[in-house]
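K.L.:
My questions are about this predicted structure, shown below with the sequence.
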Amino acid sequence: MDPILNPYAPGAGTPPPELSGRNELRDKLKITIARILKDRPAKSMLLVGLRGVGKTVLLEQMLRDTEEQRIHTIFIEAPENRSLPAIICPQLRLAMLKLSRIEKSKEAAIRSLRALAGFVKGLKVTYGDIEVGLDYEEELGLADNGDLEADLTTLFVEVGKTAKAGQTAIALFIDELQYIKSEQFAALITALHRCAQLKLPVVLVGAGLPQLRGKAGNAKSYAERLFDYPEVGALDKQAATDALVKPALDEDVEFDADAINIIYEKTRGYPYFLQEWGKHSWDVAQQSPITSKDVLEASELAIAAMDESFFRVRFDRLTPKEKNYLYAMATLGEGPHRSGDIAAVLNKKVSDVAPVRNNLINKGMLWMPNHGDTSFTVPLFDQFMLRIMPGL
């Protein structure tokens, strides 16, 4: 079939042609936004899930939904090598500049921009990567103590007061939230908590790997009461079918039932994998309907494509010791696995390989579903390790 009309979109954060199975989470955020606009209590939201489940896609769709409610939004991807103040300050500045153009929130916005100036100057020595334009002189004693937790709280309070004056809200969308350092995450939680106490319209919608729950709880004990933690997982059979069938039907192409069953079995309903199998099945098929024979031929192409991109980009970041640890895990199956069992495969003591395990957790390759258990954050990565390192 015509590859130019291929509707499927495998890629990092690339919006799929059909975002299925996520309406409940989208509706939940719409209710949250509506409540904070009416001074009603509402929890911020942290989306947690493995790689390839579409957290980034969902986060960006939620941002678009929120903008339709006429809310000021801020989107940030948290990189591993930059501080929270560095990534959040430029975005807060832009939001306050927009609100400074509205007469009813102009005065409050200017005060927020003065607080931002004090915040940046107070923390510039500690966080040298902060680069942001300053539109007003700082106000002495306003968010300029040089203490991240206290100053960020003051800054968020001023931002919240500005939003309230403008009869709007500030919604922060932060992806890859697990990469924010613990003390900075704690400061962010404290600032959001204070805004919630004062009924100020500031809300966070974050996304990250499953360890985000534990990281939030370790940062601040009250985090479990401040956030909801909806899990973004694989799609059920109906949602996965919709993700495949509806885009094809828009091009007058159908799938056989057996073809759908094979794709669902091989992808286990993970959205990224569904897009890969859909793309390659389309390219292989000569005509509609796409058959099980087409899908089986396309499976080899889909696996090869993921090995060279989705899996390989993560594999290449690993040290030899980390690769060996993951290979040992893979020989035990999908997991989760006890740390002692993995160490036994390596003929090592648990304490000897603990630093490697911790590095893999910090790199976002592993997480601990329970104490002493270890699991891959990337679905089907065990199968990739056995393919890429056969017979080690």
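P.N.:
Yes, it's here. Residues are numbered from 1 along each chain as shown.
K.L.:
and the chain, what are its domains?
P.N.:
23-228, 237-308, 319-388 (automatic domain parsing).
K.L.:
which helix is the longest one in this structure?
P.N.:
When the chain is parsed with DSSP state H, its longest helix is helix 103-123.
K.L.:
for that one, packing partners?
P.N.:
Secondary-structure packing of helix 103-123 (3 or more C-beta pairs under 8 Å, 6 or more residues apart in numbering; DSSP states H and E): helix 84-100, helix 148-165. Any C-beta I mention is one placed from the backbone N, CA and C, and that applies to glycine too.
K.L.:
Tell me which residues of the first one come out buried.
P.N.:
By neighbour count with 16 or more other C-beta atoms under 10 Å, helix 84-100 contains the buried residues 84-93, 95-96, 99-100.
K.L.:
and if you look at the longest one?
P.N.:
For helix 148-165, a neighbour-count test (16+ other C-beta under 10 Å) marks 148-149, 151-165 as buried.
K.L.:
about what we covered before: of the domains of the chain, which is nearest Pro17?
P.N.:
Distance to Pro17, taken as C-beta to C-beta, is lowest for domain 237-308 among those, at 3.8 Å.
K.L.:
how far does the closest one stretch from start to finish?
P.N.:
27 Å (C-alpha to C-alpha, to the nearest Å).
K.L.:
for stretch 53-65, what is the average pLDDT?
P.N.:
Taken as a whole, stretch 53-65 has a mean pLDDT of 95.
K.L.:
what do you get for stretch 294-314?
P.N.:
For stretch 294-314, the per-residue pLDDT averages 94.
K.L.:
hmm, who's touching that stretch?
P.N.:
If you take C-beta atoms under 8 Å, 6 or more residues apart in numbering as the criterion, stretch 294-314 is touched by 10, 51-52, 259, 262-263, 266, 272-273, 276-277, 279-281, 283-285, 365, 378, 381, 384, 387-388.
K.L.:
In helices only, show me the residues you listed.
P.N.:
Those of the contacts of stretch 294-314 lying in helices (DSSP H): 259, 262-263, 266, 272-273, 276-277, 279-281, 283-284, 381, 384, 387-388.
K.L.:
In PyMOL, how would I select the buried members of these?
P.N.:
With 16+ other C-beta under 10 Å as the criterion, this PyMOL line picks the buried residues out of the ones in helices among the contacts of stretch 294-314:
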select buried, resi 259+262+263+266+272+273+276+277+279+280+281+283+284+381+384+388
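K.L.:
Need phi/psi at Ala207.
P.N.:
phi -140, psi 140 (degrees, to the nearest 10).
K.L.:
same deal with Leu19?
P.N.:
Taking degrees, to the nearest 10 as the convention, Leu19 sits at phi -90, psi 90.
K.L.:
what's the burial count for it?
P.N.:
Per other C-beta atoms under 10 Å, the neighbour tally for Leu19 reads 18.
K.L.:
What are the neighbouring residues in contact with it?
P.N.:
Gly54, Val57, Leu58, Gln61 are the contacts of Leu19 under C-beta under 8 Å, 6+ apart.
K.L.:
Now go through these and say which are in helices.
P.N.:
Val57, Leu58, Gln61.
K.L.:
top of the residues you listed by neighbour count?
P.N.:
So for the ones in helices among the contacts of Leu19 (other C-beta under 10 Å), the most neighbours sit at Leu58, 24 neighbours.
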